[in-house]
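>>> any chance you could fold what I've pasted below:
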Amino acid sequence: MMKGIYDQMKKVKDVMSTDVDFCTPKDNIFEVATKMEQDDVGIIPIIDEGELKGVITDRDLAIRGTAAKKPGSTSVTDVMSQDLVTVTPDMTVEAAAELMSKHQIRRLPVVVNRHLVGIVSLGDLATDPRTDEFASTALSDISED
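As a prediction, the model looks like this:
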(Lines give C-alpha, C1' and ligand atoms only; values in the text may rest on other atoms or scores of the structure.)
Protein backbone atom coordinates (compact mmCIF):
# COMPACT_ATOMS: atom_id res chain seq x y z
CA MET A 1 0.00 0.00 0.00
CA MET A 2 1.36 3.43 -0.98
CA LYS A 3 1.41 6.19 1.54
CA GLY A 4 -0.28 9.42 0.63
CA ILE A 5 1.83 12.48 -0.07
CA TYR A 6 1.03 13.96 3.36
CA ASP A 7 2.18 10.78 5.11
CA GLN A 8 5.55 11.12 3.37
CA MET A 9 6.07 14.77 4.25
CA LYS A 10 8.48 15.64 7.00
CA LYS A 11 6.80 16.61 10.27
CA VAL A 12 7.65 19.43 12.66
CA LYS A 13 8.66 16.84 15.29
CA ASP A 14 11.42 15.67 12.91
CA VAL A 15 13.19 19.05 12.83
CA MET A 16 12.18 20.95 16.00
CA SER A 17 14.49 21.75 18.89
CA THR A 18 13.37 20.05 22.08
CA ASP A 19 15.97 21.30 24.56
CA VAL A 20 14.27 24.65 25.11
CA ASP A 21 15.07 26.93 28.04
CA PHE A 22 12.24 29.05 29.45
CA CYS A 23 11.32 31.67 32.03
CA THR A 24 8.22 32.19 34.16
CA PRO A 25 6.00 35.26 34.59
CA LYS A 26 7.84 35.94 37.86
CA ASP A 27 11.13 36.50 36.02
CA ASN A 28 12.40 39.78 34.62
CA ILE A 29 13.81 40.68 31.23
CA PHE A 30 17.39 40.57 32.50
CA GLU A 31 16.94 36.85 33.16
CA VAL A 32 15.46 36.41 29.67
CA ALA A 33 18.36 38.25 28.04
CA THR A 34 20.87 36.22 30.05
CA LYS A 35 19.29 32.92 28.92
CA MET A 36 19.22 34.12 25.31
CA GLU A 37 22.92 34.90 25.49
CA GLN A 38 23.87 31.67 27.28
CA ASP A 39 21.80 29.46 24.96
CA ASP A 40 22.57 31.50 21.81
CA VAL A 41 18.86 31.73 20.92
CA GLY A 42 16.50 34.51 19.90
CA ILE A 43 13.39 33.31 21.72
CA ILE A 44 12.53 32.37 25.30
CA PRO A 45 9.11 30.86 26.05
CA ILE A 46 7.26 32.00 29.16
CA ILE A 47 5.80 29.01 31.01
CA ASP A 48 3.41 29.16 33.97
CA GLU A 49 2.37 25.94 35.71
CA GLY A 50 3.48 23.93 32.70
CA GLU A 51 1.51 25.95 30.15
CA LEU A 52 2.89 28.24 27.47
CA LYS A 53 1.74 31.78 28.28
CA GLY A 54 3.85 33.78 25.87
CA VAL A 55 7.27 34.22 24.31
CA ILE A 56 9.91 36.89 24.33
CA THR A 57 12.04 37.31 21.23
CA ASP A 58 15.21 39.31 20.85
CA ARG A 59 13.11 41.83 18.93
CA ASP A 60 10.63 42.08 21.82
CA LEU A 61 13.53 42.93 24.13
CA ALA A 62 14.89 45.54 21.76
CA ILE A 63 11.54 47.21 21.06
CA ARG A 64 9.28 46.68 24.08
CA GLY A 65 11.97 46.12 26.70
CA THR A 66 13.77 49.33 25.90
CA ALA A 67 10.55 51.26 25.34
CA ALA A 68 9.16 50.22 28.75
CA LYS A 69 11.79 52.34 30.51
CA LYS A 70 10.38 51.45 33.88
CA PRO A 71 12.50 51.84 36.99
CA GLY A 72 14.08 48.61 38.16
CA SER A 73 13.90 45.46 36.14
CA THR A 74 10.97 45.04 33.78
CA SER A 75 8.78 41.96 34.24
CA VAL A 76 8.55 39.47 31.39
CA THR A 77 4.77 39.99 31.31
CA ASP A 78 5.34 43.62 30.29
CA VAL A 79 7.33 42.56 27.23
CA MET A 80 6.17 39.09 26.14
CA SER A 81 4.06 38.37 23.09
CA GLN A 82 0.85 36.61 24.11
CA ASP A 83 -1.02 36.36 20.82
CA LEU A 84 0.95 33.32 19.71
CA VAL A 85 1.01 31.36 16.51
CA THR A 86 1.87 27.77 17.40
CA VAL A 87 2.19 24.41 15.69
CA THR A 88 1.84 20.81 16.78
CA PRO A 89 4.55 18.16 16.38
CA ASP A 90 2.53 16.31 13.74
CA MET A 91 2.06 19.27 11.41
CA THR A 92 4.08 19.17 8.22
CA VAL A 93 7.08 21.42 7.90
CA GLU A 94 5.42 22.89 4.83
CA ALA A 95 2.43 23.97 6.96
CA ALA A 96 4.81 25.42 9.58
CA ALA A 97 6.70 27.37 6.90
CA GLU A 98 3.42 28.69 5.51
CA LEU A 99 2.46 29.95 8.99
CA MET A 100 5.86 31.63 9.34
CA SER A 101 5.36 33.34 5.97
CA LYS A 102 1.79 34.38 6.68
CA HIS A 103 2.52 35.81 10.14
CA GLN A 104 6.01 37.18 9.33
CA ILE A 105 7.74 35.19 12.09
CA ARG A 106 10.92 33.10 12.18
CA ARG A 107 10.16 30.80 15.11
CA LEU A 108 7.12 28.83 16.21
CA PRO A 109 6.46 27.23 19.60
CA VAL A 110 5.50 23.57 19.24
CA VAL A 111 2.72 22.70 21.67
CA VAL A 112 0.56 19.80 22.74
CA ASN A 113 -2.46 20.75 24.88
CA ARG A 114 -0.94 24.19 25.61
CA HIS A 115 2.28 22.58 26.86
CA LEU A 116 5.52 23.48 25.10
CA VAL A 117 7.32 20.50 23.61
CA GLY A 118 9.77 22.36 21.36
CA ILE A 119 10.53 25.25 19.05
CA VAL A 120 10.81 25.09 15.28
CA SER A 121 12.70 27.85 13.50
CA LEU A 122 13.59 28.79 9.96
CA GLY A 123 17.07 27.55 10.81
CA ASP A 124 15.69 24.12 11.69
CA LEU A 125 13.93 23.97 8.32
CA ALA A 126 16.97 25.25 6.42
CA THR A 127 19.37 22.60 7.74
CA ASP A 128 17.54 19.68 6.12
CA PRO A 129 17.77 19.32 2.32
CA ARG A 130 14.19 18.02 2.23
CA THR A 131 12.81 21.14 3.94
CA ASP A 132 15.22 23.93 3.00
CA GLU A 133 12.99 24.92 0.08
CA PHE A 134 10.16 25.71 2.54
CA ALA A 135 12.56 27.74 4.70
CA SER A 136 13.79 29.69 1.70
CA THR A 137 10.25 30.57 0.63
CA ALA A 138 9.25 31.55 4.17
CA LEU A 139 12.33 33.74 4.63
CA SER A 140 11.64 35.47 1.33
CA ASP A 141 8.06 36.18 2.41
CA ILE A 142 9.12 37.35 5.89
CA SER A 143 11.75 39.68 4.45
CA GLU A 144 9.29 41.49 2.16
CA ASP A 145 8.19 44.95 3.24
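>>> would you map the strands across this protein?
43-48, 51-57, 107-112, 115-121 (DSSP state E).
>>> any chance of a markdown table for those, columns mean pLDDT?
A markdown table is the format used below for the strands of the chain (pLDDT from 0 to 100):
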| stretch | mean pLDDT |
| --- | --- |
| strand 43-48 | 97 |
| strand 51-57 | 96 |
| strand 107-112 | 96 |
| strand 115-121 | 95 |
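>>> between these, which one is nearest to residue 25?
strand 43-48 (5.3 Å; CB to CB). Placement of C-beta: from N, CA and C, glycine included.
>>> what packs against that closest one?
Applying 3 or more CB pairs under 8 Å, 6 or more residues apart in numbering; DSSP states H and E, we find strand 43-48 packed against helix 29-39, strand 51-57, strand 115-121.
>>> can you do 10 Å?
Helices and strands touching strand 43-48, by 3 or more CB pairs under 10 Å, 6 or more residues apart in numbering; DSSP states H and E, are helix 29-39, strand 51-57, helix 58-60, strand 107-112, strand 115-121.
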